[in-house]
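In: Next comes the sequence, and after it the predicted model I'd like to discuss.
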Protein chains: 2
Amino acid sequence: MLRLSTKCQYGVRAMFEIAKGYNSGPVTIKEISEKQDVSVAYLEQILNQLRKAGIIKSVKGPGGGYILDKEPGSISIGAILRELEGPVAITSCLDPKEGCIRVEGCVTHLLWKSLGEKIEAFLDNMTLQDLINGSESRGEQLITITRKGKRIRK
Amino acid sequence: MLRLSTKCQYGVRAMFEIAKGYNSGPVTIKEISEKQDVSVAYLEQILNQLRKAGIIKSVKGPGGGYILDKEPGSISIGAILRELEGPVAITSCLDPKEGCIRVEGCVTHLLWKSLGEKIEAFLDNMTLQDLINGSESRGEQLITITRKGKRIRK
DNA sequence: AAAATAGTCTACTAATTCTGTCAAGTATTA
DNA sequence: TAATACTTGACAGAATTAGTAGACTATTTT
Ligand code: FES
Ligand code: FES
């Protein structure tokens, strides 16, 4: 129930690899493909979309690859997912592009809206830097950060 | 992104109608269909599944229909959704029936797990009674309840 | 200049999941 | 026994997902 597409999952994992190389130059699709077990062809599609959105830059030719446009701490997971699949919208009623005539008087609308907001807040408050920190400390820090929920959404 | 199926949405709305009739006898599929704009045939499928799960009971023959098995305050939205579509599993890696060989060392696994737990806690803490209260006060109470998040999950 | 590296872009398709419909039942009550 | 209402399983069209393929452009190295 409530599955996240593989596209989004792969996108975040690819962004993590690029983020790791933030201080050491561009990361190639091939490297990402090998480290994250995702086909080069599929990654091309995903990264292209993220590049057009402006959250990564690309460098062509030998020695090229992808680089983050901002520091890892300034790119949230929510931002990545939104670029790949639009805003969080648990139901079509909540999607700005779709909407619903039943909204007023609908008993469940506020329920889904409220849940959607919680999810979005969570995703917007988590950054690539958190993933990097988490991977260094075997995930313990990630858990701490999310449980305490101290940081404020930008 | 992260859509909830119409089946789940209709399921909750149908359960709401049945919950409203908790003190006034069985509610028929036809009534639910009319009030919630969902086809009788589709509701049959959905309600049957919920009946088999034991969260509603059915009464056959004239005057029959569906009744809640417990009071509205004891049936959480999470329980309804789980019966219809299995546990919350943002990724297949988190699904007990699927799993993933990459779990150890996967940088995003804890992220999705953590998000899934938050979603589940939200859904398990919200009951049909909350929906009823919300519909009576035009949703204001629902918002208050969710924002404060005081209640404890059973 | 040529070769090698690396990203860009568009189209297409196979598979899966979703969203239902349909028809032929069974059980209960008036 | 007629009417009401739930029960069950099969099926199908539509939409989405998940990916592949191939031809192209840009940059650097030799
Ligand atoms: S059905 Fe669209 S808002 Fe509830
Ligand atoms: S890819 Fe399965 S746990 Fe991360």
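Out: Here it is on my side, so go on. Note that the structure is a prediction, hence the values are computed from the model and not measured. Ligands and ions are numbered 1, 2, ... in the order given.
In: Give me the neighbour count for the closest residue to residue A:135 other than its chain neighbours.
Out: Closest residue to residue A:135 apart from its sequence neighbours, by Cβ to Cβ, 6 or more residues apart in numbering or on different chains: residue B:107 at 4.6 Å. No exception for glycine: its C-beta is placed from N, CA and C like everyone else's. Counted with other Cβ atoms under 10 Å in any protein chain shown, residues neighbouring residue B:107 total 23.
In: I'd say residue B:107 and residue A:130 touch.
Out: No. Using Cβ atoms under 8 Å, residue B:107 is not in contact with residue A:130, being 9.9 Å away.
In: Quick check: end-to-end length of stretch A:52-69?
Out: The first and final residues of stretch A:52-69 sit 12 Å from each other (Cα to Cα, to the nearest Å).
In: who touches the residue located most distally from the centre of chain A in this structure?
Out: With distances taken as Cα atoms, centre = their mean, the residue sitting farthest from the centre of chain A turns out to be residue A:105, at 33.7 Å. Residues touching residue A:105, when contacts are defined by Cβ atoms under 8 Å, 6 or more residues apart in numbering or on different chains, are absent altogether.
In: With residue A:42 instead?
Out: With Cβ under 8 Å, 6+ apart as the criterion, the residues that contact residue A:42 are residue A:10.
In: State the helix or strand in which it lies.
Out: Secondary structure assigned from DSSP states H and E places residue A:42 in helix A:40-53.
In: next one: that helix to chain centre, how far?
Out: Using Cα atoms, centre = their mean, to the nearest Å, the distance from the centre of helix A:40-53 to the centre of the chain it belongs to is 13 Å.
In: Over to stretch A:32-49?
Out: 15 Å.
In: and the gap between the closest residue to residue A:124 other than its chain neighbours and residue A:47?
Out: In space, residue A:124 comes closest to residue A:78 once its chain neighbours are excluded; the distance is 3.9 Å by Cβ to Cβ, 6+ apart. Relative to residue A:47, residue A:78 is positioned 18 Å away (Cβ to Cβ, to the nearest Å).
In: What of residue A:110?
Out: Remark: distance between residue A:110 and residue A:47 (Cβ to Cβ) = 37 Å.
In: got it, and residue A:124?
Out: Distance, residue A:124 to residue A:47, using Cβ to Cβ: 22 Å.
In: And for residue A:127?
Out: Residue A:127 sits 19 Å away from residue A:47, going by Cβ to Cβ.
In: the more surrounded of the two?
Out: Neighbour tally, residue A:127 and residue A:47, criterion other Cβ under 10 Å: the higher count belongs to residue A:127, 24 against 21.
In: residues touching the more buried one, list them.
Out: Contacts for residue A:127 (Cβ under 8 Å, 6+ apart) come out as A:72-77.
In: Equivalent analysis for residue A:65, please.
Out: Residues counted as contacts of residue A:65 (Cβ under 8 Å, 6+ apart) are A:21, A:25-29, A:31, A:58-59.
In: near DNA strand D, which residues of chain A show up?
Out: Where proximity means Cβ under 7 Å from any atom of the strand, the interface of chain A facing DNA strand D comprises A:5-7, A:10, A:39, A:41-42, A:44-45, A:60-64.
In: Just the buried ones among these, please.
Out: Among the residues of chain A next to DNA strand D, those classed as buried by neighbour count (16 or more other Cβ atoms under 10 Å in any protein chain shown) are A:7, A:10.
In: restrict the residues of chain A next to DNA strand D to contacts with ligand 1.
Out: Residues of those in contact with ligand 1 (Cβ under 6 Å from any ligand atom): none.
In: what's the farthest-apart pair in the residues of chain A next to DNA strand D?
Out: Looking at those by Cβ to Cβ, the two members farthest from one another are A:5 and A:62, with 33.1 Å of separation.
In: My guess is residue A:26 contacts residue A:61. True?
Out: No. Using Cβ under 8 Å, residue A:26 is not in contact with residue A:61; the gap is 10.2 Å.
In: Tell me which entries of the contacts of residue A:65 lie within strands.
Out: Secondary structure from DSSP state E places A:58-59 of the contacts of residue A:65 in strands.
In: Tabulate the contacts of residue A:65 (a markdown table), appending neighbour count, pLDDT and distance to DNA strand C.
Out: Conversion of these to a markdown table gives the following (neighbours: other Cβ atoms under 10 Å in any protein chain shown; pLDDT from 0 to 100; distance: Cβ to the nearest atom of the strand, whole Å):
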| residue | neighbour count | pLDDT | distance to DNA strand C |
| --- | --- | --- | --- |
| A:21 | 17 | 95 | 11 |
| A:25 | 11 | 94 | 10 |
| A:26 | 17 | 97 | 6 |
| A:27 | 22 | 98 | 7 |
| A:28 | 18 | 97 | 4 |
| A:29 | 22 | 97 | 4 |
| A:31 | 15 | 97 | 8 |
| A:58 | 14 | 97 | 3 |
| A:59 | 13 | 96 | 6 |
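In: Thank you kindly, that will do.
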